[in-house]
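1. turn this into a structure:
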Amino acid sequence: MHCRVNAHVDAVFVLSVKSFRDRIAYIERELRHHGIAFAWIFEHDADELTPQLIESTFAASDMGRPQQSLVLKHIETWRRCAESGYRRILVFEDDAMLAPDFETTFCAAMRAADMIDRPYMVYLGCGNNKYAPEAPGAGSPLIRTGVPLPATDAIVIDQRAARLRLEYIAGRRITRPADWLMREADAAMGIDHYWLADPIVEQGSMNGRFTSVLDRKRIRRGRVWSWLRYRWDRWRRRTLNRDRHAEMAEDISVASAALRRDNLAVASARAAAALVGIGAFTGAALANIAAGVMVLAFLTAPSCMQRIRRTWRQPLGKAAVLFLAVLLLSTLWSEAPFPVALKAWGGWRQFLILFIALAVFDTRSAKLAFAAIFAVVATAGAVASFLAFDFGSAQAMSDVKSGIILRNHVTQGMALTVGALLALVLLTHARRGSWQQSAWAASATLMTTNVVFVAYGRSGYVALAVASLAVALGLWRGRARGIALAVLILLTLSALQFSPLINQRFEKGMKEIAQADDAAELTSMGIRMVMWEITTGIVRDAPLFGHGLGSFSDEYRRRVTQRYAGWKATLMQDPHNQYLLVLAETGLLGLAMFTWWLFSAPRQPVQGPFRSIGLAILLAWCVTSLFSSHFHTFNEGHLIMIVLGVCLARERAEPGHERSAASIAALTSS
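-> Numbering: from 1, shown residues only. All right, here's what the predicted structure looks like:
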C-alpha cells in the first residue's frame, strides 16, 4: 500500500544554519526526492546567540557555540510541537542521508508507533554505526532497547515526549550536547526509546559526505578518514556481527531481590573511595584501610561483574589494566629478586583503585557527593593551615613549615588544588545566585589562596597554574574563555607580586640547579641533576624492556657509588621523574603503555565540567611528574587515581529517576 511520509506526522522540521548553503541545497534535493514537505529551523544560529541567552540556558561546560546552537534548535522543535498541538513530529538535521526505502519503512514504523501508549522517541539512524539488537521473533519494525541515543540526525517524538523534555529543562541550565541531553531527559522523564532493526538514515558528517562542524576528532582527521572509518565499522558490525551492544548499554540490571544489597555495596564502595581520596592527603593508614574496604565492597556487589565488563570497555579502564599487566610481565625479567619485584608491582595498586572508581562512580549524583565531601574536608584543612601559619616568618624564609598540616608541603599544595577545582564543579552545578554558589566560590578561593601563600611546594604552584589554564581553555568558550584567561593572567601576576613564597621557592630552585656541580651539601634540585644523569645511563643499557620492575634502587646504588661520593652518592628509590622511572624499569614497552594510558583519558565518553576538571588535573600531574613520580608515590598517586576515576567515569541514567506510568500519564494527558 502506497503511503506518504507527511501523512504519518503533523510536521517535519529540518535543523540547519542560514550560512550552510551546500547543506541547505543538499537536504532540499534529498527531501524533494522522497516527496517530503518540511519547515526550516534557522533560529538560534551560533553567531546569533546572545550572552544573555547562553547565560540563562547553559551552565559552564566544554560545549562550543555550534553545540549550544544545535541544542537550542532541537528545543525549538519541542516547543513548536507542544504549542501547536502536533501529535508527533519528524526532525532531521541537515546532513541526513535517507535510504532508498525510507518511505516504506518509515510508514510501517509509524503504524507501529500508533500502538504505543507512553511518551516515546523513534530513532531512524545509526549514528557512529550503532545498531540495535533485534529481538528474536519480533514482529514490529520498532525495537525497544537500552542502547543509548548516539546522534540526533533523524528522530520522531510525540507531543507527550516534547512536553516532558520541556519540563525537564525548565528548572535547570544545560551542560550536555543534544544527544546527551535527550538521553538524560528521557531517562528521567520516562520517555521510551525505539530503534529500527535496519536504519533508514545515515549522517553525512559521520560517513564522510560532509565535513563535521561539531566533532573535533572528525574535523581534525578529515573527510577521507571519516569515509574509510565509517565503512569499516559498518562492515565489521553488520557483516561480522561485531556490534558492541554491551558497550552501549547504560543500565546495570540487578534482580529485585539483590537490589538493596547491591545499592548498599556500591554506596559503601563510593564512601570508601571518598576516604581514600581524603587519606591521600591526611594519613596513609586511612587511605589503606579505605582502599581495602572499597575493594571488598565492590566485589560483594551483585552487579560487580556487569560493572567490570562495562569498565573494561572504557578506554581508561582497559588501559589501566593493560598497563598493570605490562608491569607484572616485567617482573619476569627483573634483575631484582622476584619477591622484591612483586612487591614493587603492588606499589602500583592505585591503578586498580582507578578501575574500581570508574566502575562505581557512574552517576552524576555520586560524583557530586564525592566532590562535596572532598571539597569540605580540604577546605577545613585549608582553614586549619591558615590558623597555624606564621605569616611573619614567610617574609624572610621560603620553607615555613608551621602551616603545613596535610602530610607535607607538596601533598598539601596539590590536594588543595584538586579541592579548589572540585569546588568549581560544585559551583557550576549549584543554582545560580544561591548561597551554595557563594559557599563553593569561597571554598575554591580559600584553597587557592592557601596554595599561593602557605603551601610552599613548587609542585603545588605548577599544578595550580597548569590546571587553571587547562580549565580556562576547556570549561569556557568564546568571550567567556577570553574573560577567564584575562582573569587568570591577572591573578597569576598578583600572586607573583604579593606572595613572597613563590618567588623565593623558584629562585631557590634555579640557584640549586646552577650550583649543582659545586654545591657542598645536598639540595632538592641539585640531587635531581645527579639522579637524572645516573638514570639516563640505566635507561641506555636496557632501552627496550628495562631492567625489570623493582630493579631501580639496586641499579642506582651500584652506579652512583661508582661515580660519586659525598652527598651526590645519596641512595634513591626513584629518579624523581615518572617517565624516567618507567623507562628504567620497563623500557620503551612500559613507557608506550603508560603513554597510551595517559592518552586514553581524553577518549573517555563523558562530557561536562567533570571531564574538563579531570583532564586539567591529569595534565597538571603530567607536568609535575617531570620532577617527581606523582603517579607512583603513595600520596599523589592515590589522589590522582581516585579523582580521575570519579571525574572521567562513564555516566549512565540515574536509577530511580524514572517516573511511574501513572504520573507520566497525568502529566501528558490533554
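2. endpoints of stretch 339-358, how far apart?
-> 30 Å (Cα to Cα, to the nearest Å).
3. next, the buried residues of it.
-> Of all the residues in stretch 339-358, those buried under the rule 16 or more other Cβ atoms under 10 Å are 340-341, 344-345, 347-358. Where you see a C-beta, it was placed from the backbone N, CA and C, and this is true even at glycine.
4. cool, stretch 323-341 as well?
-> 323-324, 326-327, 329-331, 333-336, 340-341.
5. so of those, which ones are in strands?
-> Judged by DSSP state E, the buried residues of stretch 323-341 include no members of strands.
6. tell me the one among these nearest to L496.
-> Nearest to L496 among the buried residues of stretch 323-341 is F323, at 37.5 Å by Cβ to Cβ.
7. I'd assumed L591 was in contact with the closest one.
-> No: with contact defined as Cβ atoms under 8 Å, F323 does not reach L591; the gap is 10.5 Å.
8. the helices in the stretch 351-500 of the chain, which residues?
-> 364-388, 391-394, 409-429, 435-453, 458-475, 478-498, 500-514 (DSSP state H, counting those that start in this stretch).
9. now those in CSV, with mean pLDDT, mean neighbour count and distance to D114?
-> Shown next, in CSV, are the helices of the stretch 351-500 of the chain (pLDDT from 0 to 100; neighbours: other Cβ atoms under 10 Å; distance: least, Cβ to Cβ, whole Å):
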stretch, mean pLDDT, mean neighbour count, distance to D114
helix 364-388, 93, 19, 35
helix 391-394, 56, 14, 74
helix 409-429, 92, 27, 40
helix 435-453, 91, 19, 46
helix 458-475, 85, 22, 45
helix 478-498, 78, 13, 44
helix 500-514, 74, 16, 69
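10. quick one: those helices as CSV, columns for distance to V5 too.
-> CSV is the format used below for those (distance: least, Cβ to Cβ, whole Å):
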stretch, distance to V5
helix 364-388, 38
helix 391-394, 74
helix 409-429, 41
helix 435-453, 47
helix 458-475, 42
helix 478-498, 38
helix 500-514, 66
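11. to R558, which of those helices lies closest?
-> helix 500-514 (25.8 Å).
12. mean pLDDT per helix and strand in the protein: which one sits at the bottom?
-> Every helix and strand of the chain was ranked by mean pLDDT, DSSP states H and E. The lowest is helix 661-668, at a mean of 38.
13. what is the nearest of the buried residues of stretch 339-358 to F92?
-> L358 (35.9 Å).
14. now do that closest one, the pLDDT please.
-> The model reports L358 with a pLDDT of 96.
15. now do V530
-> 89.
16. would you map out the domains in the chain?
-> 5-250, 314-347+522-600, 364-514+604-622 (automatic domain parsing).
17. ok, G548 - contacts?
-> S330, T331, L332, W333, S334, E335, A336, A341, E585, T586 (Cβ atoms under 8 Å, 6 or more residues apart in numbering).
18. of the helices of the stretch 351-500 of the chain, which is nearest A616?
-> helix 458-475 (3.6 Å).
19. need the buried residues of stretch 323-341 in JSON lines (columns: distance to W476 and pLDDT).
-> Below are the buried residues of stretch 323-341 laid out as JSON lines (distance: Cβ to Cβ, whole Å; pLDDT from 0 to 100):
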{"residue": "F323", "distance to W476": "33", "pLDDT": "96"}
{"residue": "L324", "distance to W476": "36", "pLDDT": "96"}
{"residue": "V326", "distance to W476": "38", "pLDDT": "96"}
{"residue": "L327", "distance to W476": "38", "pLDDT": "96"}
{"residue": "L329", "distance to W476": "43", "pLDDT": "96"}
{"residue": "S330", "distance to W476": "42", "pLDDT": "95"}
{"residue": "T331", "distance to W476": "46", "pLDDT": "95"}
{"residue": "W333", "distance to W476": "48", "pLDDT": "93"}
{"residue": "S334", "distance to W476": "47", "pLDDT": "92"}
{"residue": "E335", "distance to W476": "50", "pLDDT": "91"}
{"residue": "A336", "distance to W476": "48", "pLDDT": "92"}
{"residue": "V340", "distance to W476": "49", "pLDDT": "94"}
{"residue": "A341", "distance to W476": "47", "pLDDT": "93"}
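20. and those residues, which is closest to H429?
-> F323 (32.0 Å).
21. for V623, find the nearest of the helices of the stretch 351-500 of the chain.
-> That would be helix 458-475 among the helices of the stretch 351-500 of the chain, by Cβ to Cβ, at 5.0 Å.
22. strands along the chain, start to end?
-> So, for the chain - with DSSP E - the strands run 11-15, 39-41, 88-93, 96-98, 120-123, 142-144, 154-158, 192-196, 201-203.
23. a markdown table for the ones you listed, including distance to K508, mean pLDDT and mean neighbour count?
-> As requested, the strands of the chain are exported to a markdown table (distance: least, Cβ to Cβ, whole Å; pLDDT from 0 to 100; neighbours: other Cβ atoms under 10 Å):
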| stretch | distance to K508 | mean pLDDT | mean neighbour count |
| --- | --- | --- | --- |
| strand 11-15 | 58 | 95 | 21 |
| strand 39-41 | 61 | 94 | 16 |
| strand 88-93 | 58 | 95 | 25 |
| strand 96-98 | 62 | 91 | 22 |
| strand 120-123 | 61 | 94 | 24 |
| strand 142-144 | 66 | 87 | 19 |
| strand 154-158 | 61 | 95 | 24 |
| strand 192-196 | 60 | 91 | 21 |
| strand 201-203 | 57 | 87 | 23 |
